[in-house]
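> What follows is a predicted structure for the sequence shown.
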Amino acid sequence: MSASTVKRRKNGPRMSPRAQSVWSIAQLLIGSIIVAISFNMFMVPNGIASGGVSGVSILVQRIANITPAITQWAINIPLFIAGLWLLGKRFGAKTALGSIILPLFVLLTDGFQSPTDNPLLAAIYGGIGVGLGLGLVFRGGASTGGLDLAAQILHRYTGLPLSLAIVCFDGCVIVAAGFIISPEVALYALIGLFVTSKTIDFVQSGLQLSKVAFIISDYSEEVSTAILNDLDRGLTRLDGHGGYTGAERTVLMVVVGQNEVPKLKQLVRAIDPGAFVIISNTAEVLGQGFKLEN
């Protein structure tokens, strides 16, 4: 299938490489602070060990009364060194910074009072806070290290899918919480882990869903002109063939904001009431008139 772009909208001004680097570090720092505060306010007081090094640190605190930040440093730093040795120098300075700075913020925010002693609320709001912070860290192209590095090592040397390796490590932490703290707390930890993952996805994808429309019309030229001029959106022509007739058809692909869908349908309907239109959600769109995230 061939495609030819009809029109490109200009992107907004882009940050310089130095500004991008500064913004990336700022996201790492802000995200780490949010994670640390949420961890100390909700997770630690209620024993919500929802996977990862943070979950391990809660379990160690319950067993040996060791400050979570110490445990996190004790795990993160050796794992980072092992990652450099076994996987190569692809983690970069930001992963090293994240592995050190997050436990530091956990130490500095230690002692924050929890607003609730309800483990369900703690799992939900702690999961939201941790997910929000980690989402910002990931958007900055950084990482907080931890068991994600262990999962990458396991994936590299066993062939186990990375997602499954991460689930295995998080699952082991939650099962351990069931034995060390209580089975009920382990169930709350599962809720916290789910909320965290969904919040990370939400932060990564952004607040606004865009729509992608595929339009098949006998008046593709007129529809193209209307979209370009009246809707002020770029589009792409795709060469298609009818599945039954084999006839060549032009398929127009256009991405619009959610609020632009009614106007798009009106334009198409006014030109060709018999047009075949498919509109579906798309979680992330970069460039050509849409915001390019760094």
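Nice, thanks for sending it over.
> switch to C-alpha atoms for all contacts and neighbour counts from now on
Noted.
> what residues does stretch 174-183 touch?
Defining contact as CA atoms under 8 Å, 6 or more residues apart in numbering, one finds that stretch 174-183 is touched by 47, 49-51, 55, 59, 62-63, 184-187, 189-190.
> Now for residue 170: which residues touch it?
50, 51, 52.
> hmm, back to that, by neighbours, which of the contacts of stretch 174-183 wins?
Counting neighbours by other CA atoms under 10 Å, residue 49 comes out on top of the contacts of stretch 174-183 with 33 neighbours.
> How about the secondary structure of that residue?
coil (DSSP: H, G, I helix; E, B strand; the rest coil).
> Pretty sure it sits against residue 171.
No. If you go by CA atoms under 8 Å, residue 49 and residue 171 don't touch, sitting 10.4 Å apart.
> Quick check: phi and psi on residue 274?
Dihedral angles of residue 274 (phi, psi; degrees, to the nearest 10) stand at phi -90, psi 10.
> can you count the residues close to it?
Counted by other CA under 10 Å, the residues lying close to residue 274 total 13.
> mind listing what it touches?
Residue 274 touches residue 217, counting by CA under 8 Å, 6+ apart.
> Find me the pLDDT at the residue lying closest to residue 184 once chain neighbours are set aside, would you?
Excluding the flanking residues, the one nearest residue 184 by CA to CA, 6 or more residues apart in numbering is residue 178, at 7.1 Å. Per-residue pLDDT puts residue 178 at 92.
> number of nearby residues for residue 195?
21.
> quick check, the residue nearest to residue 184 in a helix?
Yes. When classified by three-state DSSP, residue 178 is found to be part of a helix.
> how far away is it from residue 187?
Distance, residue 178 to residue 187, using CA to CA, to the nearest Å: 8 Å.
> what do you get for residue 111?
Going from residue 111 to residue 187 by CA to CA gives 25 Å.
> repeat for residue 95
Residue 95 is 30 Å from residue 187, where distance means CA to CA.
> one step back: could I get the contacts of residue 170 in a markdown table, plus columns for pLDDT and distance to residue 75?
As requested, those are exported to a markdown table (pLDDT from 0 to 100; distance: CA to CA, whole Å):
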| residue | pLDDT | distance to residue 75 |
| --- | --- | --- |
| 50 | 86 | 16 |
| 51 | 84 | 14 |
| 52 | 87 | 10 |
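> list the contacts for residue 110?
Residue 110 makes contact with residue 40 under the criterion CA under 8 Å, 6+ apart.
> how close does residue 170 sit to residue 235?
From residue 170 to residue 235 the distance is 43 Å (CA to CA).
> Mind naming the longest strand for the protein?
Longest strand in the chain by number of residues (criterion: DSSP state E): strand 248-257.
> Show me what that strand is packed against.
strand 210-216, helix 220-226, strand 236-241 (3 or more CA pairs under 8 Å, 6 or more residues apart in numbering; DSSP states H and E).
> Spell out which strands sit alongside the last one in the sheet and which way each one runs.
Within its sheet, and counting by DSSP bridges, strand 236-241 is paired with strand 3-5 (antiparallel), strand 248-257 (antiparallel).
> tell me the most buried of those strands?
strand 248-257 (a mean of 19; mean count of other CA atoms under 10 Å).
> Kindly export that one (C-alpha atoms) in PDB.
Extracted C-alpha coordinates of strand 248-257, given in PDB (Å, rounded to 0.1, in the frame of the first residue of the first chain):
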ATOM      1  CA  GLU A 248      -9.300   1.000  -6.900                       C
ATOM      2  CA  ARG A 249     -10.500   3.300  -4.200                       C
ATOM      3  CA  THR A 250      -8.900   6.300  -2.400                       C
ATOM      4  CA  VAL A 251      -9.000   6.100   1.400                       C
ATOM      5  CA  LEU A 252      -8.500   9.400   3.200                       C
ATOM      6  CA  MET A 253      -6.900   9.200   6.600                       C
ATOM      7  CA  VAL A 254      -7.200  12.200   8.900                       C
ATOM      8  CA  VAL A 255      -6.500  12.700  12.600                       C
ATOM      9  CA  VAL A 256      -8.600  15.300  14.500                       C
ATOM     10  CA  GLY A 257      -9.300  16.400  18.000                       C
END
